[in-house]
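>>> generate coordinates for the sequence data below:
(chains A, B, C and D)
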4 protein chains.
Amino acid sequence: MEEIIIKYYEKPELKNPILIEGLPGVGNVGKLAAEHLVSALDAKKFASIFSKHLPPQVLIEDTGVVRLVSNDLYYHKSKSKKNHDLIILVGDYQGTSQEGQYELAYEVLDILQGYGGKLSYTLGGWSVGKIVTGPRVLGATTSLELVEKLKAADVEFSKDEPAGGIVGAAGLLLGLSQLRDIEAACLMGETSGYFSDPRSAQSVLESLAKLLKMKVDFTELEKHAKEIDDLTSKLNEMKPAVEPSGDELKYIG
Amino acid sequence: MEEIIIKYYEKPELKNPILIEGLPGVGNVGKLAAEHLVSALDAKKFASIFSKHLPPQVLIEDTGVVRLVSNDLYYHKSKSKKNHDLIILVGDYQGTSQEGQYELAYEVLDILQGYGGKLSYTLGGWSVGKIVTGPRVLGATTSLELVEKLKAADVEFSKDEPAGGIVGAAGLLLGLSQLRDIEAACLMGETSGYFSDPRSAQSVLESLAKLLKMKVDFTELEKHAKEIDDLTSKLNEMKPAVEPSGDELKYIG
Amino acid sequence: MEEIIIKYYEKPELKNPILIEGLPGVGNVGKLAAEHLVSALDAKKFASIFSKHLPPQVLIEDTGVVRLVSNDLYYHKSKSKKNHDLIILVGDYQGTSQEGQYELAYEVLDILQGYGGKLSYTLGGWSVGKIVTGPRVLGATTSLELVEKLKAADVEFSKDEPAGGIVGAAGLLLGLSQLRDIEAACLMGETSGYFSDPRSAQSVLESLAKLLKMKVDFTELEKHAKEIDDLTSKLNEMKPAVEPSGDELKYIG
Amino acid sequence: MEEIIIKYYEKPELKNPILIEGLPGVGNVGKLAAEHLVSALDAKKFASIFSKHLPPQVLIEDTGVVRLVSNDLYYHKSKSKKNHDLIILVGDYQGTSQEGQYELAYEVLDILQGYGGKLSYTLGGWSVGKIVTGPRVLGATTSLELVEKLKAADVEFSKDEPAGGIVGAAGLLLGLSQLRDIEAACLMGETSGYFSDPRSAQSVLESLAKLLKMKVDFTELEKHAKEIDDLTSKLNEMKPAVEPSGDELKYIG
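Take a look at the predicted model:
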């Protein structure tokens, strides 16, 4: 069996597409943001990535029909000439081993370059270990030009944050992009890391929308964030019993 | 050394065979069911699968002669035209790594397709963490048509069960079947998961027999189940000291 | 880098050699026995096996010069026509992963078959978790004929021992031999498993010497065993504080 | 994706270069020493080694620009004819798996031999589990000639130290050098192992400088060592609460 099997449902024609990545990770910030983008843009699934680097597991739909865990690629064709087409990567899991992480990220960049893409944005969370009310968005990029571009989209850069760099797909896609002459930036939403964090996902998407010069409808995400906000304000009243260790601050999905 | 070595004792001629899988797992339900089927049908071993994805271990027969741990394939040729030939997969272990799980399941589907097979049933257990008196059989399939077919054979479908999907060979064979245009369904017998559960295996086999339109003699299994029933009723009188965690509910052999 | 690198110091001409394996394991019985055989026969090292399946480690000789950890092959040419030439396998470690175990054992059988060898004896320990005064030698083989041959050399066969079969090189070489039409038997010396056990190694070698129709001088081993005997009799006077769990009984080096 | 990707920034012409290795390890002695050498000689980075055997992680520079974790090669061209050119290996991590350790070390020797190099020095720490005031430098080599050469450079050889040999890149490069007819020696600085130890790194570099017949300016390292000395003398006043176990003594970076 090949290490990675890609099943294409469609081979769309895309012009110089931008890759947006949002896989599960800290606070599920990247995953929530990317999935909301798929839904808000009504993006279309065109390929699934299966791999022995993902768990040997099927998920069961409500109908009783299964699907093998995967990473999935959606596309969105831009309606105006000034915008780019998009490829959005979402999925059930990140690669479960270090080697798997490399193989899967490398494969996704193969696909992006196959479509002539030269830029990718990865979305992730950045755990601060306490409830955050107005989550900042932190950035990291493959070039100084992109640093300036991100700052103009309200993304902050902070010398000591995140300490330890970025581990996982959101970071590795930047690192491997650098080796392959692809521009890439990571947007990390500040999050407690205690639960799935739609508020942080929204902050990330707001910056991303500015970068893409697109409008994104946040109604659904805001509703979901509001529910969590209510919950967190209740949690805020109760002091957390245990503070997370510094180690947890390092991981960014 | 190749990743997988297949030793054929015989190359039977089979017509459109159905694969039945029953490897070790929760409550050993699948293994007990498949081994009983081999015995009840007097199925014949035609191939053994050896692999570095199985433990580096030999088992010693009563004679003092060893055999390397393996997965084994048996066949049963149908006596009437209305029934299918069967290939039954049993074994000492499942693949011990994630990658091994994928490799072994993929290889078994290669063999099935080599014989022109287009359908497989995987048998497993579904742990509920408490003694079950009349075990239900839960299903999952690769298509809506199979869902209906299973319901007619007293297999239940439940939106929230099993939570987390199906992990291991019983699930992976469904997922990989989907990628290779093979129809597949999983029959999961409800079980406490505390011990080898012949009662649950019998429930699974009863549904399988309906699907295969075969009669299976359950005398041996019932005797074994009766012994366990006696034991479990005694255990039932004593309340379990520790409840298993929710995590354990996820794994299905 | 290849998975396995074999460095030949010499390519001896051997006639139908028998492989003797003794790698580290429970009570180091196999290792002690094989190393004593190398020394007693003044066998000559002709090849070293290096591999990424062994630890990334060098050992330092007293001179300050290092050597990379390895498995080593020695040969002994028979002086009389009635005896076989021998290849003796000793080493610093067994393969450290399941896959490594398979790869290394498979490679050793390649070498044996390259010399036309058709028989191998593997030497190991069998932990009973308590001090043993007159250690029995237990056997397991690839054929019924070998079972009879071993019984004539005072090797015992016991239905329930060792439970769980044989894990590691001593077992795997038997299992893989079976797949490659090589005859093989394992001699397991009973041992407490608490320390390196020369007494058990001597028992194993006594049986092996009968099988090989050779005389082996045990002076060195007996001296070493005597020291341990003195120690164990002292230990015997003090009751062991903790009984090892049943799990430990399974592993045979 | 290949297992190892090497990105060359420049292909320097080097004459019979000597490899100096200093990767992270116990007390970071080797890393500190090699990094100081890069800085003191103003050595130039000519290649980076990326690999799936390193963590899937990017580090973020103060500018906000990332770089994928790597091992890096610097060169220094000798100004006088009597000295050798140098290749200095530093990096963020050692290979994270046993296999990765072998692959990366083997690749580095490929590069060294590609430049006609025939000698390498590896730098590491050797943990004694207590504060050391005048750290000794211990040695290990691939030949008796090198033992004598090291002794003349104030490197000590001790029969029982380090027990268990040398694990990791510093040892493996010696072991693999032996297989490829490269001369190699390891210089291990005595260190508590409790923190990054510039004092031990300086001792190692002093011996190395004698071997290379070079002068190295230690001002920076001494300043750093002085700070740590102040700290350790304070720590010395407080007795350590817990003694490290003997196991920790084995590992040499």
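>>> which sections of chain A are below the confidence cut-off?
Where chain A drops to pLDDT under 70, the residues are A:232, A:236, A:238-253.
>>> now do the contacts for the residue of it found nearest chain D.
Residue nearest to chain D within chain A (CB to the nearest CB): A:Gly175, separated by 2.9 Å. C-beta here means a position set from N, CA and C on the backbone, and glycine is covered the same way. Shown in contact with A:Gly175 (CB atoms under 8 Å, 6 or more residues apart in numbering or on different chains): D:50, D:57-58, D:66-69.
>>> how close does it get to C:Glu220?
Remark: distance between A:Gly175 and C:Glu220 (CB to CB, to the nearest Å) = 57 Å.
>>> circling back: for the contacts of A:Gly175, which single residue is the most surrounded?
Within the contacts of A:Gly175, most neighbours by other CB atoms under 10 Å in any protein chain shown means D:Val58, with 29 neighbours.
>>> which SSE is immediately downstream of the helix or strand containing it?
Assigned by DSSP states H and E, D:Val58 belongs to strand D:57-60. Next in sequence after strand D:57-60, counting helices and strands by DSSP H and E, comes strand D:66-68.
>>> show me what that next one is packed against.
Contacts defined by 3 or more CB pairs under 8 Å, 6 or more residues apart in numbering or on different chains; DSSP states H and E place strand D:66-68 against helix A:169-179, strand D:57-60.
>>> hmm, try it at 6 Å
Counting contacts by 3 or more CB pairs under 6 Å, 6 or more residues apart in numbering or on different chains; DSSP states H and E, strand D:66-68 packs against strand D:57-60.
>>> the strand it packs on vs chain A: in contact?
Yes. With CB under 6 Å from any CB of the partner chain as the criterion, chain A is reached by strand D:57-60 at D:57-60.
>>> what's the offset of that strand from the middle of its chain?
Its chain's C-alpha centre and that of strand D:57-60 lie 22 Å apart, by CA atoms, centre = their mean, to the nearest Å.
>>> near chain D, which residues of chain A?
Checking chain A against chain D by CB under 6 Å from any CB, the hits are A:98-99, A:101-103, A:106, A:140-141, A:147, A:157, A:159, A:165-167, A:171-172, A:174-175.
>>> 8 Å - rerun?
A:95, A:98-99, A:101-103, A:105-107, A:139-144, A:147, A:150, A:157, A:159, A:162, A:164-169, A:171-172, A:174-176, A:178-179, A:186 (CB under 8 Å from any CB of the partner chain).
>>> return the subset of those residues lying in helices.
In this view, these that belong to helices under DSSP state H are A:98-99, A:101-103, A:105-107, A:144, A:147, A:150, A:169, A:171-172, A:174-176, A:178-179.
>>> how near is A:Tyr115 to A:Ile182?
A:Tyr115 is 12 Å from A:Ile182, by CB to CB.
>>> cool, and A:Gly91?
Distance from A:Gly91 to A:Ile182, counting by CB to CB: 20 Å.
>>> these two - which one has more neighbours?
More crowded of A:Gly91 and A:Ile182, by other CB under 10 Å: A:Gly91, with 23 against 19.
>>> hey, what's the residue lying closest to the more buried one once chain neighbours are set aside bridged with?
Closest residue to A:Gly91 apart from its sequence neighbours, by CB to CB, 6 or more residues apart in numbering or on different chains: A:Asn71 at 3.5 Å. Counting by DSSP bridges, A:Asn71 forms beta bridges with A:Ile49, A:Gly91.
>>> for A:Asn71, which residues are in contact?
Contacts for A:Asn71 (CB under 8 Å, 6+ apart) come out as A:23, A:48-49, A:51, A:54, A:89-93, A:104, A:108.
>>> repeat for A:Arg180
A:109, A:113.
>>> so it versus D:Met1, what's the distance?
11 Å.
>>> how about A:Lys82?
Where D:Met1 is concerned, A:Lys82 sits at a distance of 35 Å (CB to CB).
>>> same question, A:Asp217
Distance from A:Asp217 to D:Met1, counting by CB to CB: 38 Å.
>>> the two: which is more packed in?
Using other CB under 10 Å as the criterion, A:Asp217 and D:Met1 rank with D:Met1 on top: 18 against 11.
>>> can you get me a residue count around the residue in the stretch 151-253 of chain A that chain C sits nearest to?
Closest residue of the stretch 151-253 of chain A to chain C, CB to the nearest CB: A:Leu179 (22.1 Å). By other CB under 10 Å, the residues close to A:Leu179 number 16.
>>> buried sites along the lengthiest helix in chain A?
Assignment by DSSP H gives helix A:219-237 as the longest helix of chain A. Within helix A:219-237, the residues that qualify as buried are A:221, A:224-225, A:228-229, A:232, counting by 16 or more other CB atoms under 10 Å in any protein chain shown.
>>> stretch A:179-193 now?
Neighbour counts over stretch A:179-193 (16+ other CB under 10 Å) mark A:179, A:182-193 as buried.
>>> and for stretch A:55-63?
Residues of stretch A:55-63 classed as buried: A:55-60 (neighbour count, 16+ other CB under 10 Å).
>>> circling back to that earlier point, mind giving me the PyMOL command for buried ones among the residues of chain A next to chain D?
Typed into PyMOL, the line below selects the buried ones among these, using 16+ other CB under 10 Å:
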select buried, chain A and resi 95+98+99+101+102+103+105+106+107+139+140+141+142+143+147+150+157+162+165+166+167+168+169+171+172+174+175+176+178+179+186
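>>> for chain B, what are the nearby residues on chain A?
Counting by CB under 8 Å from any CB, chain A comes close to chain B at A:1, A:5, A:7, A:50, A:52-53, A:55-60, A:62-69, A:96-97.
>>> switch to 7 Å and redo it
Contact residues (CB under 7 Å from any CB of the partner chain) of chain A with chain B: A:1, A:5, A:7, A:50, A:52, A:55-60, A:62-66, A:68, A:96.
>>> my read: A:Val65 touches B:Gly139, true?
No. A:Val65 lies out of contact with B:Gly139 (CB atoms under 7 Å); the separation is 10.3 Å.
>>> coming back round to it: where's the residue of chain A closest to chain D relative to chain B, distance?
Distance of A:Gly175 to chain B, given as CB to the nearest CB, to the nearest Å: 24 Å.
>>> who touches the strand holding D:Val58?
With CB atoms under 7 Å, 6 or more residues apart in numbering or on different chains as the test, strand D:57-60 has contacts from A:140, A:165-167, A:171, A:174-175, D:66-69, D:92.
>>> between the residues you listed, which sits nearest A:Leu19?
Among the contacts of strand D:57-60, A:Leu174 lies closest to A:Leu19 (CB to CB), at 11.3 Å.
>>> I'd like to know how far that closest one sits from C:Tyr75.
From A:Leu174 across to C:Tyr75, the span is 55 Å (CB to CB).
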